[in-house]
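Undergrad: build me a model from this:
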Amino acid sequence: INVANFRFSELSAEEINSPMKKLAFRNADLTDESFNELLKLLRYTPELLQAEFDDCALDGVGDFQPSESDIVRELGKVETLIIRRLHIPRFYSFNDLRSVYSLLEKVKRITVENSKVFLVPCEFSQRLRSLEFLDLSENLMVEEYLRNSACEGAWPSLQTLILSQNYLKSIERTGEILLTLKNLTDLDISRNSFRPMPDTCRWPPKMRFLNLSSTGIWAVKMCIPQTLEVLDVSNNNLDSFSLFLPRLRELYISRNKLKTLPDGSLFPVLLVMKIRENALSTFSKDQLGSFPKLETLEAGDNHFVCSCELLSFTLGQPALSQVLPDWPDSYLCNSPPRLGGQRVQEARPSVL
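TA: Numbering: from 1, shown residues only. As a prediction, the model looks like this:
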């Protein structure tokens, strides 16, 4: 829809206090002027909780003037702002949005995805005092500008930060930059092309979740924070995992190159491990028993060698499906040739 020439008409008293909770624009063409007009709607939607803009185009430079739109200084009850694939032809000339800083002070969740964001000005970040969730996936963020965005006092309530598929290069610098975020617990930096991981790193003190999937890493080192409860290193180039993580409850390590299960003693409280599509050839009762608290293991779609040892183990464990949710369909024999393609559950050792 084209709302570039939208002009707001005052509503009657009977039309005030709309129960609307979500306002969404899709494939809309906007200008700075029409956006200012749309802001006037806020006076009539006091129950609005979420505003969403998908696949919209903004022909402007962010010259928003809410004070001239005769609206309240804040977005009322709005807690969530979602912007996906916003096309701004003159984005390199876009201003710092200083005029709308005050509008967003009480917003708790912001997503700006695939919209060529390369910087959130420090002062803007400091004004987002209530922000708990920030998703900047598929943008143009690099460490230099991230340091400005995560300046001292920025995003003081932020718990979840998603920087997936940007242009970050250094895990070490990224962790150090984010030290200012004292309440950060969940960090997603997946789909960035990182250089090799250093031996040590510094991270926000409350980190519990870290997503490093699809980052091209070849090894995990003590750089990984010891405070983690959930770690995702799926779709990388790992051929081993020997890092002690005393609080880890969930490990996602599918689509790597591991030939054996990690040593369970490294994860004393691990409950869930997903290690599908690696190079595992077998696992045994002793290996599974080394995980003191493991409840769920997904290890299907590996290259299982259906040896007498493996087949004897699986035959003696009729309750495997309680631990292996993808059992038996995802467990196929890769060798020997006579058993190739058979389900491990149905394969039988040779009598010879």
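
Undergrad: residues of stretch 313-320 that come out buried?
TA: Buried residues in stretch 313-320, counted by 16 or more other C-beta atoms under 10 Å: Phe313, Thr314, Leu320. The way it works is simple: take the backbone N, C-alpha and C, and place the C-beta from them, glycine included.

Undergrad: and for stretch 161-179?
TA: 161-166, 168, 170-175, 177-178.

Undergrad: just checking, which of those belong to strands?
TA: Leu161, Ile162 (DSSP state E).

Undergrad: just the buried residues of stretch 161-179 now: which is nearest Ser149?
TA: Here the nearest of the buried residues of stretch 161-179 to Ser149, counting by C-beta to C-beta, is Ile177; it sits at 8.8 Å.

Undergrad: what sits against Ser330?
TA: Arg276, Glu298, Gly300, Asp301 (C-beta atoms under 8 Å, 6 or more residues apart in numbering).

Undergrad: and it, what's its pLDDT?
TA: For Ser330, the pLDDT comes out at 95.

Undergrad: also Phe291?
TA: On the pLDDT scale, Phe291 gets 94.

Undergrad: okay, now the closest residue to it other than its chain neighbours: neighbour count?
TA: Sequence neighbours aside, Gly264 is the residue nearest to Phe291 in space, at 3.5 Å (criterion: C-beta to C-beta, 6 or more residues apart in numbering). When counting by other C-beta atoms under 10 Å, one arrives at 18 neighbours for Gly264.

Undergrad: ok so, going back, most neighbours out of the contacts of Ser330, which is it?
TA: Gly300 (22 neighbours).

Undergrad: hang on, it packs against Pro325?
TA: No. Look at Gly300 against Pro325 with C-beta atoms under 8 Å: they stay out of range, at 9.1 Å.

Undergrad: on that earlier part again, now do the contacts for the residue nearest to Phe291.
TA: Applying C-beta under 8 Å, 6+ apart, we find Gly264 in contact with Leu270, Gln287, Leu288, Gly289, Ser290, Phe291, Pro292, Leu294.

Undergrad: same question for Thr215.
TA: Ile189, Ser190, Arg191, Asn192, Ser193, Phe194, Asn236.

Undergrad: how close does it sit to Asn192?
TA: 6 Å (C-beta to C-beta, to the nearest Å).

Undergrad: same question, Glu132
TA: Between Glu132 and Asn192 the computed distance is 23 Å (C-beta to C-beta).

Undergrad: the two - which one has more neighbours?
TA: Taking other C-beta under 10 Å, Glu132 and Asn192 do not tie; Asn192 has more neighbours (22 against 16).

Undergrad: ignoring the adjacent residues along the chain, who's closest to the more buried one?
TA: Leu168 (4.2 Å).

Undergrad: do I have it right that that neighbour meets Arg195?
TA: No. Counting by C-beta under 8 Å, Arg195 is not a contact partner of Leu168; they are 10.0 Å apart.

Undergrad: a helix runs through Asp63, doesn't it?
TA: No. Using DSSP: H, G, I helix; E, B strand; the rest coil, the assignment for Asp63 is coil, not a helix.

Undergrad: how about the contacts made by it?
TA: Asp63 neighbours (C-beta under 8 Å, 6+ apart): Asp32, Asn95, Ser99.

Undergrad: which of those residues sits closest to Ala150?
TA: Within the contacts of Asp63, distances to Ala150 taken as C-beta to C-beta reach their minimum at Asn95, with 20.8 Å.

Undergrad: can you tell me how far the residue lying closest to the closest one once chain neighbours are set aside is from Leu86?
TA: Excluding the flanking residues, the one nearest Asn95 by C-beta to C-beta, 6+ apart is Gly62, at 4.6 Å. According to C-beta to C-beta, Gly62 stands 11 Å off from Leu86.

Undergrad: please apply the same query to Pro262.
TA: From Pro262 to Leu86 the distance is 42 Å (C-beta to C-beta).

Undergrad: show me where this protein has its helices.
TA: 32-39, 122-127, 143-149, 171-177, 285-289, 308-315 (DSSP state H).

Undergrad: what comes up buried for the shortest one?
TA: Spelled out, that is helix 285-289. Within helix 285-289, the residues scored as buried using 16+ other C-beta under 10 Å are Gln287, Leu288.

Undergrad: what's the neighbour count on Asn237?
TA: 12.

Undergrad: hang on, it packs against Arg255?
TA: No. Here Asn237 lies out of contact with Arg255, judged by C-beta under 8 Å, at a distance of 9.9 Å.

Undergrad: can you pull the residues that touch both of those two?
TA: Where contact means C-beta under 8 Å, 6+ apart, no residue is in contact with each of Asn237 and Arg255.

Undergrad: tell me where the stretch 51-200 of the chain has strands.
TA: 57-59, 80-84, 109-113, 133-135, 160-162, 186-188 (DSSP state E, counting those that start in this stretch).

Undergrad: for Ser265, the count of nearby residues, please.
TA: 10.

Undergrad: I figured it hits Gln287, correct?
TA: No. Using C-beta under 8 Å, Ser265 makes no contact with Gln287, being 11.1 Å away.

Undergrad: low-confidence ranges in this structure?
TA: Within the chain, the segments meeting pLDDT under 70 span 1-17, 66-76, 350-352.

Undergrad: thanks a lot, see you next time.
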